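**Student:** Provided below for reference: sequence and predicted model.
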Amino acid sequence: MEGTLFTLPSSRPPPPSSATFTALSLKAHFRNPFRTTTLHHSKSPISPNIRAAISRTKKEETVDKVKQELENCFLVAGIGYKGLTVQQFQELRTQLPETSKLLVAKNTLVLKAIEGTKWEALKPCMKGMNAWLFVHSEEIPAALKPYRTFQKEKKLDQNDFTGAVFEGKFYGPGEFKALETLPTRAEIYSTLLGSLKGPASAVVGTIQAPARDLILLLQAHCKKLEEEGGAQ
């Protein structure tokens, strides 16, 4: 019996023909002018000198900002803000009067801004993480009350006032009661009007309250009246 020989097809692909080589060669030689090539540029790292310059510029901007806030400022208070969230800060800012500004700045930068000014008395509260409240109004109790209310609502017992300077005097955390109970402008006017009905000494006694421009003016006027009375 004769055997039959079967030839299995090879798994190797057939060699390319000369026409295929010609097509590949032409394709490699002639590039499509309308085909766009995406280039991937790697970001070059910022040099340490540039980083230092950026950091120095930001610090200078912060110092300048603090100095601007100190202009026409009646009170500056520090608030311990460790643990407060960005959302809480934003909410607090919306509750402050327009005459009050809340700024977060490092103690070293604030210290640099107040150097050589009456605000140097703030040095005792230059510890920990502080947010700074700048009050551009004579109504001190009205400026402090929003944070007290916010502190109670959010149960932020650990985030208390760290200190404040008012009329060149430093007030520690335990002395804020004196600031929060200062008389309002209306109350001062009422007291002054009442004292004007009495002797000049009554007005002088009233002037011993926290200084105001109007009170200083009245003090000078009372002194003049006393001098005129003594000359007679």
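**Tutor:** Nice, I can see it.
**Student:** make it CA atoms for all contacts and neighbour counts henceforth
**Tutor:** Noted.
**Student:** what are the phi and psi values for the nearest residue to Gly172 once chain neighbours are set aside?
**Tutor:** Of all residues beyond its chain neighbours, the one nearest Gly172 is Gly163 (4.6 Å), with distances taken as Cα to Cα, 6 or more residues apart in numbering. Dihedral angles of Gly163 (phi, psi; degrees, to the nearest 10) stand at phi 160, psi 170.
**Student:** quick one, strands of this protein?
**Tutor:** Shown for the chain, the strands assigned by DSSP state E span residues 75-80, 100-104, 130-135, 161-166, 169-171.
**Student:** thought Leu102 was touching Trp132?
**Tutor:** Yes. Taking contacts as Cα atoms under 8 Å, Leu102 lies within contact range of Trp132: 5.6 Å.
**Student:** The two: which is more packed in?
**Tutor:** More neighbours surround Trp132 than the other of Leu102 and Trp132, with 25 against 20 (other Cα atoms under 10 Å).
**Student:** buried set for stretch 108-122?
**Tutor:** Of all the residues in stretch 108-122, those buried under the rule 16 or more other Cα atoms under 10 Å are Leu109, Val110, Leu111, Ala113, Ile114, Trp119, Glu120, Ala121, Leu122.
**Student:** In this structure, where is pLDDT below threshold?
**Tutor:** Confidence mapping of the chain against pLDDT under 70 gives the ranges 1-47, 49, 52-54, 185, 188-189, 191-232.
**Student:** ok, now with 80
**Tutor:** For the chain, the stretches with pLDDT under 80 are 1-54, 184-232.
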